[in-house]
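Chemist: sequence and computational prediction follow.
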Amino acid sequence: MTDAQETAAEPALRTTGSPRPESPASPPPDDVEAAPTPLLEPREGIPPVVATDAALAEVIAAFAAGTGPVAVDAERASGYRYGQRAYLVQLRRAGAGTALIDPVACPDLSGLGEVLSGTEWILHAATQDLPCLREIGMVPTCLFDTELAGRLAGFPRVGLGAMVENVLGYALEKGHSAVDWSTRPLPEPWLRYAALDVELLVDLRDALEKELDRQGKLDWAHQEFAAICAAPPAPPRKDPWRRTSGMHKVRRRRQMAVVRELWTARDRVARRRDVSPGKVLSDTAIVEASLSLPATVQALTALPGFGHRMGRRQLEQWQAAVDRAKALPDTELPQPGQPLAGPPPPRSWADKDPEAAARLSAARAAVSELAERIAMPQENVITPDTVRRVCWEPPADPSVENVAAALTGYGARPWQVELVAPLLAKALV
(Lines give C-alpha, C1' and ligand atoms only; values in the text may rest on other atoms or scores of the structure.)
Protein backbone atom coordinates (compact mmCIF):
# COMPACT_ATOMS: atom_id res chain seq x y z
CA MET A 1 0.00 0.00 0.00
CA THR A 2 1.40 3.42 -0.91
CA ASP A 3 1.74 6.34 1.49
CA ALA A 4 -1.02 8.10 -0.44
CA GLN A 5 -3.40 5.22 0.22
CA GLU A 6 -2.49 5.18 3.92
CA THR A 7 -3.18 8.89 4.40
CA ALA A 8 -6.14 9.44 2.06
CA ALA A 9 -8.85 9.26 4.70
CA GLU A 10 -11.14 11.80 3.04
CA PRO A 11 -11.82 12.83 -0.54
CA ALA A 12 -10.74 16.31 -1.50
CA LEU A 13 -13.29 19.08 -1.02
CA ARG A 14 -15.37 20.36 -3.89
CA THR A 15 -13.43 21.89 -6.72
CA THR A 16 -14.14 25.49 -7.51
CA GLY A 17 -16.57 25.09 -10.34
CA SER A 18 -16.18 23.21 -13.61
CA PRO A 19 -14.51 24.11 -16.88
CA ARG A 20 -17.74 25.44 -18.42
CA PRO A 21 -16.43 28.54 -20.23
CA GLU A 22 -19.67 30.48 -20.09
CA SER A 23 -20.12 30.34 -16.32
CA PRO A 24 -16.89 29.86 -14.40
CA ALA A 25 -17.36 29.54 -10.68
CA SER A 26 -15.34 31.87 -8.46
CA PRO A 27 -13.27 30.14 -5.78
CA PRO A 28 -14.91 30.47 -2.36
CA PRO A 29 -13.05 32.07 0.55
CA ASP A 30 -10.96 29.62 2.56
CA ASP A 31 -13.44 29.57 5.45
CA VAL A 32 -16.70 29.66 3.48
CA GLU A 33 -18.08 26.94 1.23
CA ALA A 34 -19.79 28.45 -1.80
CA ALA A 35 -23.42 27.57 -2.41
CA PRO A 36 -23.87 25.32 -5.46
CA THR A 37 -24.74 27.07 -8.71
CA PRO A 38 -28.08 25.86 -10.14
CA LEU A 39 -27.62 24.22 -13.52
CA LEU A 40 -30.77 25.22 -15.39
CA GLU A 41 -30.08 24.83 -19.12
CA PRO A 42 -27.80 22.73 -21.32
CA ARG A 43 -25.06 24.92 -22.74
CA GLU A 44 -26.26 24.46 -26.34
CA GLY A 45 -29.95 24.29 -25.40
CA ILE A 46 -32.20 21.23 -25.54
CA PRO A 47 -31.44 19.19 -28.67
CA PRO A 48 -34.30 17.76 -30.75
CA VAL A 49 -35.17 14.14 -30.02
CA VAL A 50 -33.70 11.78 -32.62
CA ALA A 51 -36.57 9.64 -33.86
CA THR A 52 -35.78 8.89 -37.55
CA ASP A 53 -33.12 6.90 -39.35
CA ALA A 54 -31.88 10.04 -41.11
CA ALA A 55 -31.48 11.95 -37.85
CA LEU A 56 -29.78 8.95 -36.27
CA ALA A 57 -27.30 8.78 -39.16
CA GLU A 58 -26.39 12.44 -38.54
CA VAL A 59 -25.80 11.74 -34.85
CA ILE A 60 -23.63 8.71 -35.64
CA ALA A 61 -21.51 10.81 -38.01
CA ALA A 62 -21.20 13.64 -35.46
CA PHE A 63 -20.16 11.35 -32.60
CA ALA A 64 -17.73 9.46 -34.84
CA ALA A 65 -16.06 12.81 -35.58
CA GLY A 66 -16.09 13.89 -31.93
CA THR A 67 -13.11 13.68 -29.62
CA GLY A 68 -12.45 12.34 -26.15
CA PRO A 69 -14.72 10.20 -23.98
CA VAL A 70 -18.48 10.05 -24.44
CA ALA A 71 -20.98 10.61 -21.63
CA VAL A 72 -23.86 8.11 -21.79
CA ASP A 73 -27.11 7.78 -19.85
CA ALA A 74 -30.42 5.98 -20.33
CA GLU A 75 -33.90 6.51 -18.94
CA ARG A 76 -36.23 3.59 -18.25
CA ALA A 77 -39.89 3.41 -17.24
CA SER A 78 -39.52 1.32 -14.10
CA GLY A 79 -42.83 0.96 -12.29
CA TYR A 80 -44.77 1.82 -15.44
CA ARG A 81 -43.76 -0.64 -18.18
CA TYR A 82 -42.83 -4.31 -18.29
CA GLY A 83 -39.11 -4.97 -18.14
CA GLN A 84 -36.21 -2.54 -18.04
CA ARG A 85 -35.91 -1.36 -21.65
CA ALA A 86 -34.54 2.08 -22.46
CA TYR A 87 -36.99 4.80 -23.48
CA LEU A 88 -34.43 7.58 -23.95
CA VAL A 89 -30.67 7.52 -24.51
CA GLN A 90 -28.57 10.60 -23.85
CA LEU A 91 -25.02 11.13 -25.08
CA ARG A 92 -22.52 13.97 -25.03
CA ARG A 93 -19.06 14.24 -26.56
CA ALA A 94 -16.68 17.08 -27.32
CA GLY A 95 -17.16 18.21 -30.90
CA ALA A 96 -20.57 16.51 -31.16
CA GLY A 97 -22.58 18.17 -28.40
CA THR A 98 -25.53 16.43 -26.77
CA ALA A 99 -27.89 13.95 -28.45
CA LEU A 100 -31.23 12.66 -27.17
CA ILE A 101 -32.26 9.46 -28.95
CA ASP A 102 -35.66 7.75 -28.84
CA PRO A 103 -34.87 4.01 -28.82
CA VAL A 104 -38.54 3.19 -29.42
CA ALA A 105 -38.45 4.92 -32.81
CA CYS A 106 -34.80 3.90 -33.39
CA PRO A 107 -34.51 0.48 -31.73
CA ASP A 108 -31.18 -0.48 -33.32
CA LEU A 109 -28.30 1.69 -32.11
CA SER A 110 -25.60 -0.82 -33.00
CA GLY A 111 -24.25 1.60 -35.63
CA LEU A 112 -23.69 4.19 -32.92
CA GLY A 113 -22.17 1.56 -30.67
CA GLU A 114 -19.74 0.57 -33.41
CA VAL A 115 -18.39 4.08 -34.02
CA LEU A 116 -17.91 4.49 -30.27
CA SER A 117 -16.09 1.16 -29.89
CA GLY A 118 -12.72 1.81 -28.30
CA THR A 119 -13.91 5.13 -26.91
CA GLU A 120 -14.21 5.48 -23.14
CA TRP A 121 -17.86 5.67 -22.07
CA ILE A 122 -18.69 7.65 -18.95
CA LEU A 123 -21.73 6.37 -17.06
CA HIS A 124 -23.06 6.93 -13.56
CA ALA A 125 -23.89 3.58 -11.91
CA ALA A 126 -23.03 1.73 -15.11
CA THR A 127 -24.44 -1.65 -14.10
CA GLN A 128 -27.95 -0.14 -13.98
CA ASP A 129 -27.88 1.12 -17.58
CA LEU A 130 -25.70 -1.44 -19.37
CA PRO A 131 -28.40 -4.15 -19.66
CA CYS A 132 -30.88 -1.87 -21.44
CA LEU A 133 -28.13 -0.37 -23.60
CA ARG A 134 -26.99 -3.86 -24.58
CA GLU A 135 -30.53 -4.65 -25.78
CA ILE A 136 -30.32 -1.83 -28.38
CA GLY A 137 -26.82 -2.67 -29.58
CA MET A 138 -24.66 -0.42 -27.41
CA VAL A 139 -21.89 -2.21 -25.53
CA PRO A 140 -18.81 -0.33 -24.26
CA THR A 141 -15.30 -1.72 -24.54
CA CYS A 142 -13.92 0.81 -22.05
CA LEU A 143 -15.78 2.81 -19.39
CA PHE A 144 -15.48 5.14 -16.41
CA ASP A 145 -18.20 4.79 -13.78
CA THR A 146 -18.51 8.06 -11.85
CA GLU A 147 -20.68 6.48 -9.13
CA LEU A 148 -18.20 3.69 -8.49
CA ALA A 149 -15.33 6.17 -8.67
CA GLY A 150 -17.03 8.17 -5.93
CA ARG A 151 -17.28 5.06 -3.75
CA LEU A 152 -13.62 4.20 -4.27
CA ALA A 153 -12.65 7.78 -3.45
CA GLY A 154 -14.61 7.66 -0.21
CA PHE A 155 -17.40 10.14 -0.91
CA PRO A 156 -20.29 9.56 1.54
CA ARG A 157 -22.98 10.43 -1.05
CA VAL A 158 -22.52 9.11 -4.56
CA GLY A 159 -25.78 9.94 -6.35
CA LEU A 160 -25.22 11.96 -9.50
CA GLY A 161 -26.73 15.13 -8.02
CA ALA A 162 -24.63 14.88 -4.86
CA MET A 163 -21.44 14.16 -6.81
CA VAL A 164 -21.93 17.04 -9.24
CA GLU A 165 -22.63 19.38 -6.31
CA ASN A 166 -19.76 18.23 -4.08
CA VAL A 167 -17.15 17.87 -6.79
CA LEU A 168 -18.07 20.51 -9.36
CA GLY A 169 -20.18 22.96 -7.39
CA TYR A 170 -23.35 22.75 -9.50
CA ALA A 171 -26.86 21.78 -8.42
CA LEU A 172 -28.81 19.48 -10.75
CA GLU A 173 -32.61 19.47 -10.73
CA LYS A 174 -33.62 15.85 -10.04
CA GLY A 175 -37.41 16.13 -10.03
CA HIS A 176 -38.04 13.90 -13.07
CA SER A 177 -36.04 10.80 -12.19
CA ALA A 178 -39.11 8.61 -11.53
CA VAL A 179 -41.45 9.77 -14.30
CA ASP A 180 -42.90 7.53 -17.01
CA TRP A 181 -40.26 7.84 -19.72
CA SER A 182 -42.41 5.83 -22.13
CA THR A 183 -44.63 8.93 -22.47
CA ARG A 184 -44.74 10.32 -25.99
CA PRO A 185 -44.09 13.06 -26.80
CA LEU A 186 -41.71 13.67 -23.90
CA PRO A 187 -42.39 17.02 -22.20
CA GLU A 188 -39.74 19.70 -22.58
CA PRO A 189 -38.87 19.85 -18.84
CA TRP A 190 -38.13 16.12 -18.92
CA LEU A 191 -35.88 16.53 -21.97
CA ARG A 192 -34.05 19.39 -20.24
CA TYR A 193 -33.50 17.18 -17.20
CA ALA A 194 -32.27 14.33 -19.42
CA ALA A 195 -29.81 16.55 -21.30
CA LEU A 196 -28.43 17.97 -18.05
CA ASP A 197 -27.74 14.45 -16.78
CA VAL A 198 -24.87 14.15 -19.30
CA GLU A 199 -23.93 17.83 -19.36
CA LEU A 200 -21.17 17.58 -16.76
CA LEU A 201 -20.32 13.87 -16.77
CA VAL A 202 -17.03 14.47 -18.61
CA ASP A 203 -16.09 17.22 -16.14
CA LEU A 204 -17.03 14.95 -13.23
CA ARG A 205 -14.97 12.12 -14.66
CA ASP A 206 -11.89 14.33 -15.00
CA ALA A 207 -12.18 15.63 -11.44
CA LEU A 208 -12.67 12.14 -10.00
CA GLU A 209 -9.73 10.80 -11.96
CA LYS A 210 -7.51 13.44 -10.36
CA GLU A 211 -8.89 12.63 -6.90
CA LEU A 212 -8.37 8.89 -7.35
CA ASP A 213 -4.84 9.53 -8.58
CA ARG A 214 -4.19 11.74 -5.53
CA GLN A 215 -5.32 8.91 -3.25
CA GLY A 216 -3.30 6.28 -5.10
CA LYS A 217 -6.46 4.45 -6.19
CA LEU A 218 -6.62 5.17 -9.91
CA ASP A 219 -5.30 1.76 -10.93
CA TRP A 220 -7.85 0.15 -8.62
CA ALA A 221 -10.61 2.05 -10.40
CA HIS A 222 -9.34 0.99 -13.82
CA GLN A 223 -9.44 -2.65 -12.71
CA GLU A 224 -13.02 -2.24 -11.48
CA PHE A 225 -14.14 -0.58 -14.70
CA ALA A 226 -12.50 -3.30 -16.81
CA ALA A 227 -14.32 -5.95 -14.77
CA ILE A 228 -17.66 -4.29 -15.47
CA CYS A 229 -16.95 -4.24 -19.21
CA ALA A 230 -15.89 -7.87 -19.21
CA ALA A 231 -18.82 -9.15 -17.16
CA PRO A 232 -21.29 -11.28 -19.17
CA PRO A 233 -25.02 -10.54 -19.07
CA ALA A 234 -26.67 -11.74 -15.89
CA PRO A 235 -28.37 -15.13 -16.32
CA PRO A 236 -32.14 -15.33 -15.84
CA ARG A 237 -33.07 -15.43 -12.18
CA LYS A 238 -34.09 -18.88 -10.90
CA ASP A 239 -37.59 -18.99 -9.39
CA PRO A 240 -38.16 -15.21 -9.55
CA TRP A 241 -41.55 -15.66 -7.87
CA ARG A 242 -39.71 -16.33 -4.61
CA ARG A 243 -38.77 -12.65 -4.50
CA THR A 244 -42.41 -11.60 -4.05
CA SER A 245 -42.56 -8.96 -1.33
CA GLY A 246 -43.97 -10.48 1.87
CA MET A 247 -42.86 -14.00 0.91
CA HIS A 248 -41.50 -14.52 4.43
CA LYS A 249 -45.10 -14.89 5.63
CA VAL A 250 -45.69 -17.89 3.35
CA ARG A 251 -44.62 -21.06 5.14
CA ARG A 252 -46.58 -23.96 3.64
CA ARG A 253 -45.77 -25.57 0.31
CA ARG A 254 -49.37 -25.33 -0.92
CA GLN A 255 -49.33 -21.61 -0.19
CA MET A 256 -46.05 -21.28 -2.04
CA ALA A 257 -47.66 -22.94 -5.04
CA VAL A 258 -50.38 -20.28 -4.99
CA VAL A 259 -47.75 -17.54 -5.00
CA ARG A 260 -46.02 -19.22 -7.93
CA GLU A 261 -49.22 -19.61 -9.96
CA LEU A 262 -50.43 -16.07 -9.31
CA TRP A 263 -46.97 -14.60 -9.99
CA THR A 264 -46.71 -16.50 -13.27
CA ALA A 265 -50.22 -15.49 -14.38
CA ARG A 266 -49.54 -11.87 -13.47
CA ASP A 267 -46.24 -11.86 -15.34
CA ARG A 268 -47.94 -13.24 -18.45
CA VAL A 269 -50.58 -10.49 -18.36
CA ALA A 270 -48.03 -7.75 -17.64
CA ARG A 271 -45.83 -8.86 -20.52
CA ARG A 272 -48.78 -8.92 -22.92
CA ARG A 273 -50.00 -5.49 -21.84
CA ASP A 274 -46.48 -4.03 -21.46
CA VAL A 275 -47.13 -2.68 -17.99
CA SER A 276 -45.34 -3.10 -14.69
CA PRO A 277 -46.48 -6.32 -12.98
CA GLY A 278 -47.32 -4.33 -9.85
CA LYS A 279 -49.94 -2.42 -11.83
CA VAL A 280 -51.63 -5.69 -12.78
CA LEU A 281 -51.71 -7.24 -9.29
CA SER A 282 -49.82 -6.21 -6.19
CA ASP A 283 -47.44 -8.46 -4.28
CA THR A 284 -49.61 -7.86 -1.22
CA ALA A 285 -52.63 -9.32 -3.00
CA ILE A 286 -50.65 -12.39 -4.10
CA VAL A 287 -49.48 -13.09 -0.57
CA GLU A 288 -52.96 -12.54 0.90
CA ALA A 289 -54.46 -15.02 -1.56
CA SER A 290 -51.78 -17.58 -0.77
CA LEU A 291 -52.44 -17.33 2.96
CA SER A 292 -56.23 -17.44 2.63
CA LEU A 293 -56.56 -20.04 -0.15
CA PRO A 294 -59.98 -18.67 -1.22
CA ALA A 295 -62.43 -21.24 -2.53
CA THR A 296 -64.54 -18.92 -4.70
CA VAL A 297 -64.33 -15.65 -6.58
CA GLN A 298 -66.54 -14.10 -3.91
CA ALA A 299 -64.04 -15.08 -1.21
CA LEU A 300 -61.17 -13.76 -3.34
CA THR A 301 -62.91 -10.41 -3.80
CA ALA A 302 -62.97 -9.89 -0.04
CA LEU A 303 -59.18 -10.01 0.19
CA PRO A 304 -56.96 -6.89 0.13
CA GLY A 305 -55.87 -6.08 -3.43
CA PHE A 306 -58.88 -7.72 -5.10
CA GLY A 307 -61.29 -4.81 -4.79
CA HIS A 308 -64.43 -3.74 -6.61
CA ARG A 309 -62.45 -1.93 -9.30
CA MET A 310 -61.23 -5.30 -10.58
CA GLY A 311 -63.45 -6.78 -13.27
CA ARG A 312 -65.15 -10.15 -13.02
CA ARG A 313 -62.97 -11.60 -15.78
CA GLN A 314 -59.80 -10.56 -13.97
CA LEU A 315 -61.04 -12.03 -10.70
CA GLU A 316 -61.85 -15.29 -12.43
CA GLN A 317 -58.34 -15.60 -13.89
CA TRP A 318 -56.78 -15.04 -10.45
CA GLN A 319 -59.12 -17.56 -8.87
CA ALA A 320 -58.25 -20.04 -11.61
CA ALA A 321 -54.57 -19.64 -10.69
CA VAL A 322 -55.39 -20.30 -7.03
CA ASP A 323 -57.42 -23.37 -8.01
CA ARG A 324 -54.55 -24.73 -10.13
CA ALA A 325 -52.21 -24.49 -7.17
CA LYS A 326 -54.72 -26.15 -4.86
CA ALA A 327 -55.15 -29.05 -7.30
CA LEU A 328 -51.43 -29.85 -7.64
CA PRO A 329 -50.26 -33.20 -6.27
CA ASP A 330 -47.84 -32.99 -3.39
CA THR A 331 -44.97 -34.10 -5.59
CA GLU A 332 -45.30 -30.93 -7.72
CA LEU A 333 -45.40 -28.45 -4.86
CA PRO A 334 -42.37 -26.15 -4.52
CA GLN A 335 -39.88 -26.89 -1.82
CA PRO A 336 -39.43 -24.33 0.97
CA GLY A 337 -36.45 -22.07 0.55
CA GLN A 338 -33.94 -22.20 -2.26
CA PRO A 339 -30.94 -24.49 -2.65
CA LEU A 340 -27.91 -22.63 -1.32
CA ALA A 341 -25.18 -22.01 -3.88
CA GLY A 342 -22.74 -21.04 -1.16
CA PRO A 343 -22.29 -21.11 2.60
CA PRO A 344 -25.29 -21.00 4.97
CA PRO A 345 -26.46 -17.71 6.51
CA PRO A 346 -23.81 -16.43 8.96
CA ARG A 347 -26.28 -16.43 11.87
CA SER A 348 -26.22 -20.24 11.83
CA TRP A 349 -22.44 -20.61 11.73
CA ALA A 350 -21.94 -20.65 15.50
CA ASP A 351 -24.07 -23.80 15.73
CA LYS A 352 -22.98 -25.49 12.50
CA ASP A 353 -19.24 -24.73 12.64
CA PRO A 354 -17.94 -22.61 15.55
CA GLU A 355 -14.44 -22.49 14.04
CA ALA A 356 -15.80 -21.07 10.79
CA ALA A 357 -17.77 -18.51 12.81
CA ALA A 358 -14.57 -17.45 14.56
CA ARG A 359 -12.76 -17.15 11.21
CA LEU A 360 -15.56 -15.02 9.81
CA SER A 361 -15.57 -12.73 12.84
CA ALA A 362 -11.83 -12.17 12.57
CA ALA A 363 -12.02 -11.64 8.80
CA ARG A 364 -14.84 -9.12 9.08
CA ALA A 365 -12.96 -7.14 11.71
CA ALA A 366 -9.83 -7.05 9.53
CA VAL A 367 -11.73 -5.97 6.42
CA SER A 368 -13.60 -3.31 8.40
CA GLU A 369 -10.35 -1.85 9.71
CA LEU A 370 -8.85 -1.84 6.21
CA ALA A 371 -11.94 -0.16 4.74
CA GLU A 372 -11.79 2.57 7.35
CA ARG A 373 -8.07 3.11 6.78
CA ILE A 374 -8.42 3.55 3.00
CA ALA A 375 -11.76 5.42 3.22
CA MET A 376 -13.89 3.02 1.22
CA PRO A 377 -17.11 1.05 1.80
CA GLN A 378 -16.35 -2.49 2.96
CA GLU A 379 -18.34 -4.04 0.11
CA ASN A 380 -16.06 -2.28 -2.39
CA VAL A 381 -12.91 -3.48 -0.63
CA ILE A 382 -14.13 -7.07 -1.04
CA THR A 383 -17.63 -8.46 -1.39
CA PRO A 384 -19.09 -9.94 1.82
CA ASP A 385 -20.05 -13.08 -0.12
CA THR A 386 -16.42 -13.68 -1.08
CA VAL A 387 -15.31 -13.31 2.55
CA ARG A 388 -17.98 -15.78 3.66
CA ARG A 389 -17.02 -18.36 1.06
CA VAL A 390 -13.33 -18.24 1.93
CA CYS A 391 -14.06 -18.46 5.66
CA TRP A 392 -16.54 -21.32 5.28
CA GLU A 393 -14.29 -23.44 3.06
CA PRO A 394 -10.74 -22.13 3.52
CA PRO A 395 -7.76 -23.60 1.66
CA ALA A 396 -6.22 -26.60 3.38
CA ASP A 397 -3.04 -24.56 3.68
CA PRO A 398 -4.25 -20.99 4.37
CA SER A 399 -1.08 -19.32 3.13
CA VAL A 400 -1.26 -15.87 1.58
CA GLU A 401 -0.64 -17.41 -1.83
CA ASN A 402 -3.44 -19.96 -1.47
CA VAL A 403 -5.88 -17.40 -0.10
CA ALA A 404 -4.97 -15.10 -2.98
CA ALA A 405 -5.75 -17.90 -5.43
CA ALA A 406 -9.11 -18.50 -3.75
CA LEU A 407 -10.00 -14.80 -3.90
CA THR A 408 -9.06 -14.66 -7.57
CA GLY A 409 -11.25 -17.69 -8.24
CA TYR A 410 -14.20 -15.84 -6.72
CA GLY A 411 -13.64 -12.87 -9.02
CA ALA A 412 -11.67 -10.50 -6.80
CA ARG A 413 -9.58 -7.97 -8.70
CA PRO A 414 -5.77 -7.92 -8.33
CA TRP A 415 -5.80 -4.81 -6.14
CA GLN A 416 -8.31 -6.45 -3.81
CA VAL A 417 -6.29 -9.65 -3.65
CA GLU A 418 -3.12 -7.71 -2.82
CA LEU A 419 -4.77 -5.88 0.07
CA VAL A 420 -7.11 -8.55 1.46
CA ALA A 421 -5.24 -11.87 1.04
CA PRO A 422 -2.75 -11.22 3.88
CA LEU A 423 -5.58 -10.18 6.21
CA LEU A 424 -7.71 -13.23 5.46
CA ALA A 425 -4.74 -15.57 5.69
CA LYS A 426 -4.15 -14.31 9.22
CA ALA A 427 -7.84 -14.54 10.10
CA LEU A 428 -8.09 -18.13 8.87
CA VAL A 429 -5.51 -19.39 11.36
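Modeler: Received, thanks. Computed from a prediction, not measured in an experiment: that's the story for all the values here.
Chemist: gap between the residue lying closest to T264 once chain neighbours are set aside and E261?
Modeler: Spatial nearest neighbour of T264, excluding adjacent residues (C-beta to C-beta, 6 or more residues apart in numbering): W241 at 6.7 Å. Where you see a C-beta, it was placed from the backbone N, CA and C, and this is true even at glycine. Per C-beta to C-beta, to the nearest Å, W241 is found 9 Å from E261.
Chemist: more crowded one of these two?
Modeler: For W241 and E261, the more surrounded residue by other C-beta atoms under 10 Å is E261, and the numbers stand at 23 against 18.
Chemist: how about stretch 122-138: buried residues?
Modeler: By 16 or more other C-beta atoms under 10 Å, the buried positions in stretch 122-138 come out as 122-126, 129-133, 135-136, 138.
Chemist: what about the residue nearest to T264, which SS state?
Modeler: helix (DSSP: H, G, I helix; E, B strand; the rest coil).
Chemist: mind listing what it touches?
Modeler: Residues near W241 by C-beta atoms under 8 Å, 6 or more residues apart in numbering: V259, R260, W263, T264.
Chemist: so which of those residues are in helices?
Modeler: Using DSSP state H, the members of these that fall within helices are V259, R260, W263, T264.
Chemist: low-confidence ranges, the chain, go.
Modeler: 1-33, 338-340 (pLDDT under 70).
Chemist: can you do 80?
Modeler: 1-34, 174-175, 177, 307-308, 337-341 (pLDDT under 80).
Chemist: ok, which stretches of it are strands?
Modeler: Counting by DSSP state E, the chain has strands at residues 37-38, 49-50, 67-76, 86-94, 97-101, 121-123, 143-145, 170-171.
Chemist: from the chain's centroid, how far away is the third one?
Modeler: Meaning strand 67-76. 16 Å (C-alpha atoms, centre = their mean, to the nearest Å).
Chemist: what is the burial count for R252?
Modeler: Number of residues near R252 (other C-beta under 10 Å) recorded here: 13.
Chemist: what distance do you get for it to A325?
Modeler: 11 Å.
Chemist: just L419 next, same as before
Modeler: Distance check for L419 against A325: by C-beta to C-beta, it reads 50 Å.
Chemist: again, but for L133
Modeler: 38 Å.
Chemist: repeat that for P47.
Modeler: Per C-beta to C-beta, P47 is found 52 Å from A325.
Chemist: likewise V269?
Modeler: Separation of V269 from A325 (C-beta to C-beta): 17 Å.
Chemist: neighbour count winner among those two?
Modeler: Using other C-beta under 10 Å, the more surrounded residue of V269 and A325 is A325, with 24 against 18.
Chemist: isn't that one up against V258?
Modeler: Yes - judged on C-beta atoms under 8 Å, A325 makes contact with V258 at a distance of 4.2 Å.
Chemist: once you drop chain neighbours, what's closest to L112?
Modeler: Leaving out its chain neighbours, the residue that sits closest to L112 by C-beta to C-beta, 6+ apart is I60, at 5.1 Å.
Chemist: ok, that neighbour - contacts?
Modeler: Shown in contact with I60 (C-beta under 8 Å, 6+ apart): G111, L112, V115.
Chemist: any chance you could read off phi and psi for P329?
Modeler: Here is the backbone geometry of P329 (degrees, to the nearest 10): phi -70, psi 160.
Chemist: and it, how many neighbours?
Modeler: P329 has 6 nearby residues by other C-beta under 10 Å.
Chemist: quick one: it and A257, what's the gap?
Modeler: Distance, P329 to A257, using C-beta to C-beta: 10 Å.
Chemist: care to break this protein down by domain?
Modeler: For the chain, automatic domain parsing gives the domain ranges 3-230, 240-332, 346-428.
Chemist: and the longest one, how far out from the chain's middle?
Modeler: I take that to be domain 3-230. 15 Å.
Chemist: grab the nearest non-local neighbour of V158.
Modeler: In space, V158 is closest to G150, 3.8 Å off (C-beta to C-beta, 6+ apart).
Chemist: do I have it right that that neighbour meets L208?
Modeler: Yes - using C-beta under 8 Å, G150 is in contact with L208, at 6.7 Å.
Chemist: overlap in contacts, the two.
Modeler: Common neighbours of G150 and L208 (C-beta under 8 Å, 6+ apart) are M163.
Chemist: can you pull out the helices in the stretch 151-300 of the chain?
Modeler: 160-163, 188-199, 201-215, 218-230, 253-273, 277-280, 283-292, 297-301 (DSSP state H, counting those that start in this stretch).
Chemist: the longest one - contacts with which helices or strands?
Modeler: Contacting helix 253-273 under the criterion 3 or more C-beta pairs under 8 Å, 6 or more residues apart in numbering; DSSP states H and E are the following elements: helix 277-280, helix 283-292, helix 312-327.
Chemist: and the second one, by the same measure?
Modeler: Helices and strands touching helix 188-199, by 3+ C-beta pairs under 8 Å, 6+ apart, are strand 67-76, strand 86-94, strand 97-101.
Chemist: return the distance of the closest residue to R251 other than its chain neighbours relative to L423.
Modeler: The shortest distance from R251 to any non-neighbouring residue, by C-beta to C-beta, 6+ apart, is to P336 (7.4 Å). Distance, P336 to L423, using C-beta to C-beta: 37 Å.
Chemist: likewise for E209?
Modeler: From E209 to L423 the distance is 28 Å (C-beta to C-beta).
Chemist: and for G97?
Modeler: 48 Å.
Chemist: same question, A86
Modeler: 41 Å.
Chemist: between these two, which is the more surrounded one?
Modeler: Per other C-beta under 10 Å, whichever of A86 and L423 has more neighbours is A86, with 25 against 21.
Chemist: so who does that one touch?
Modeler: So A86 contacts A74, E75, R76, P103, D129, C132, L133, E135, I136 (C-beta under 8 Å, 6+ apart).
Chemist: redo that, cut-off 10 Å
Modeler: With contacts defined as C-beta atoms under 10 Å, 6 or more residues apart in numbering, A86 is in contact with 73-77, 101-104, 107, 109, 129, 131-136, 138, 181.
Chemist: which residues pair with it across the strands?
Modeler: Using DSSP bridges, the beta-bridge partners of A86 come out as R76.
Chemist: can you tell me how far it sits from P107?
Modeler: A86 is 10 Å from P107, by C-beta to C-beta.
Chemist: how about W415?
Modeler: To P107, W415 is 39 Å away according to C-beta to C-beta.
Chemist: which of these two has more residues huddled nearby?
Modeler: Neighbours were counted for W415 and for P107 using other C-beta under 10 Å; W415 has more, 18 against 12.
Chemist: so what's R271 closest to, chain neighbours aside?
Modeler: Distance criterion C-beta to C-beta, 6+ apart; nearest residue to R271, sequence neighbours excluded, is Y82 at 5.3 Å.
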